[in-house]
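Asks: When you get a sec, could you give me coordinates for this:
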Amino acid sequence: VLDARPTRPLDTVVLEGGVAQNVCKDVQRFLQSEQWYVARGVPYRRGYLLHGPPGCGKTSFITALAGELHLVICIINLASRELTDDSLLELLSEAPRHSILLLEDVDAAFKTAPEPSAPAADSAGGRGIHNRRMNE
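Replies: Just a heads-up that it's a prediction; the model follows:
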């Protein structure tokens, strides 16, 4: 699920109040702080939740950020019908170090219509994907 999308300059993405530049600076600091995490036994991960309607620039921003920082983007579409718990874990484990892992359609992963004879859905919407903290 590696995606070779063309990059674009970060300054071509318009977000409110300098958000793009602030996130970019935060990622740069994070990339330079791996030793701090290792020394303290803290998992070396960073997560951001981008939200907004389709077409508002979330993926464009990630593409520009990856280009600015020379990082690979690994895209996993959570709305894919072929995605299972096992395949998701496999994809997550295959992501290269120092890459951006983009989870597309997160909201779709939690939407299901329960069948009348089906047991009650679990807290993750019945797909078997469980909410977990990024640090676990």
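Asks: mind showing which ranges of this protein have poor pLDDT?
Replies: 1-6, 111-136 (pLDDT under 70).
Asks: ok, 80 please
Replies: Scanning the chain with the threshold set as pLDDT under 80 gives 1-7, 107-136.
Asks: That one: strands as residue ranges?
Replies: Using DSSP state E, the strands of the chain run over residues 73-77, 100-104.
Asks: was I right about Leu101 contacting Ala95?
Replies: Yes - the criterion here is CB atoms under 8 Å, and Leu101 meets it with Ala95 at 5.2 Å. No exception for glycine: its C-beta is placed from N, CA and C like everyone else's.
Asks: Need the overlap of contacts for these two.
Replies: With contacts taken as CB atoms under 8 Å, 6 or more residues apart in numbering, Leu101 and Ala95 have Cys74 as neighbours in common.
Asks: Would you mind measuring from His51 to Ile100?
Replies: 17 Å (CB to CB, to the nearest Å).
Asks: Who has more neighbours out of these two?
Replies: More crowded of His51 and Ile100, by other CB atoms under 10 Å: Ile100, with 19 against 8.
Asks: Who is that one paired with across the strands?
Replies: Beta-bridge pairing of Ile100, defined through DSSP bridges, involves Ile73.
Asks: Format the strands of the chain as a markdown table; extra columns: distance to Glu16.
Replies: Converted to a markdown table, these look like this (distance: least, CB to CB, whole Å):
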| stretch | distance to Glu16 |
| --- | --- |
| strand 73-77 | 23 |
| strand 100-104 | 21 |
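Asks: between the ones you listed, which gets nearest to Gly17?
Replies: strand 100-104 (22.0 Å; CB to CB).
Asks: now the closest one against strand 73-77, angle please.
Replies: 20 degrees (axes from the mean of the first three to the mean of the last three CA atoms, to 10 degrees).
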